[in-house]
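S.K.: I need the structure of the sequence given here:
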Amino acid sequence: MSFLNKIKLSVNINKLATIRNARGGNNPNILDFAKKIESYGADGITVHPRPDQRHIRFQDVYDLKNNVSTEFNIEGYPSDDFIKLVLEVGPHQVTLVPDKPDAITSNSGWDTKAHQGYLKHIVQQFKSANIRTSLFLNPDPSFIESAAATGADRIELYTESYASNFFIDKEKAIQPYIETAIKAHEFNLGLNAGHDLDLDNLKYFAQNVPHLLEVSIGHALICDALTYGMSNVVKMYLNQLRD
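M.R.: Okay, the predicted model is just below:
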């Protein structure tokens, strides 16, 4: 059974900022590229500012506020500085990730059982500001009830284990995601997904995981754009999400 419908594609533009920062100056221009990516058909723009600002800078996030016309999603660890940034910018969605300050990339989801009270306090701040809140989660149904208890609107499933095992046994690799998606739906949690999804594994994931609303893709998409061009690649990824 295929669950493909209108699953949204949010493009993470962190890697474009990494290229810019490597040379200094403003090439590539992050604001211009965000607008272009939207014009190519993407449903949203994602950024993940980190404390060392090695790619997306806090100022980029403020600048993007008035330039993103589709859905704007800000990911990150809920430090005081991050919370302040999100509340001032007011994106459509904030995705809370349990990254350590020196993390190269996100590598695990929240233990919502252990951190339920902590997350509930933070989620309420964002909900009071009418910002949809999502929690980055491993594909484990046992975390769903406590995730829902925080008041979060959605979860984002961490898809690294699926991507790593896709060519070994894709049916086995996707099973925890199907089970977690079903459980999330029972608790009225919307479902996002992201991390290492690409042109090889995205369509199978979208076809088989029920209730999927949105995927956030950055690294693979930007790498593919080096070969195919950004306008072509956005369309190629969108085609993976359509019947």
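
S.K.: what about the longest helix in the protein?
M.R.: Among the elements of the chain assigned as helix by DSSP state H, the one spanning the most residues is helix 160-186.

S.K.: quick one: that one to chain centroid distance?
M.R.: Between the mean C-alpha point of helix 160-186 and the mean C-alpha point of its chain there is a distance of 17 Å (CA atoms, centre = their mean, to the nearest Å).

S.K.: show me where this protein has its strands.
M.R.: Ranges of strands in the chain, per DSSP state E, are 8-12, 44-47, 71-76, 93-96, 132-137, 154-158, 190-194, 212-217.

S.K.: I'd guessed residue 224 sits against residue 199; true?
M.R.: Yes: A contact is recorded between residue 224 and residue 199 when judged using CB atoms under 8 Å, the distance being 6.4 Å. (Each C-beta comes from the backbone N, C-alpha and C, glycine too.)

S.K.: who has more neighbours out of these two?
M.R.: It is residue 224, of residue 224 and residue 199, that has more neighbours when counted by other CB atoms under 10 Å, with 19 against 16.

S.K.: ok, that one - contacts?
M.R.: Going by CB atoms under 8 Å, 6 or more residues apart in numbering, residue 224 touches 198-199, 233, 236.

S.K.: how about the longest helix of the chain, which residues are buried there?
M.R.: With burial defined by 16 or more other CB atoms under 10 Å, the residues of helix 160-186 counted as buried are 160-163, 166, 173-174, 176-178, 180-181, 183-184.

S.K.: beta partners of the residue nearest in space to the middle of the chain?
M.R.: The residue at the geometric middle of the chain, judged as the C-alpha nearest the mean C-alpha position with CA atoms, centre = their mean, is residue 216 (3.9 Å). Under the criterion DSSP bridges, residue 216 forms beta bridges with residue 10, residue 194.

S.K.: how about low-confidence regions in the protein?
M.R.: Low-confidence segments of the chain (pLDDT under 70): 1-5, 100-107, 243.

S.K.: what segments of it are helices?
M.R.: 14-23, 30-39, 58-65, 80-89, 116-128, 144-149, 160-186, 202-208, 219-228, 230-240.

S.K.: can I get those in JSON lines with distance to residue 99?
M.R.: Rendered in JSON lines, the data for those read as follows (distance: least, CB to CB, whole Å):
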{"stretch": "helix 14-23", "distance to residue 99": "13"}
{"stretch": "helix 30-39", "distance to residue 99": "21"}
{"stretch": "helix 58-65", "distance to residue 99": "16"}
{"stretch": "helix 80-89", "distance to residue 99": "10"}
{"stretch": "helix 116-128", "distance to residue 99": "14"}
{"stretch": "helix 144-149", "distance to residue 99": "17"}
{"stretch": "helix 160-186", "distance to residue 99": "13"}
{"stretch": "helix 202-208", "distance to residue 99": "23"}
{"stretch": "helix 219-228", "distance to residue 99": "15"}
{"stretch": "helix 230-240", "distance to residue 99": "24"}
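
S.K.: out of these, nearest to residue 98?
M.R.: Each of these was checked against residue 98 via CB to CB, and the shortest separation belongs to helix 116-128, namely 9.4 Å.

S.K.: residues touching residue 56, list them.
M.R.: With contacts defined as CB under 8 Å, 6+ apart, residue 56 is in contact with 13-14, 17, 30, 47-50.
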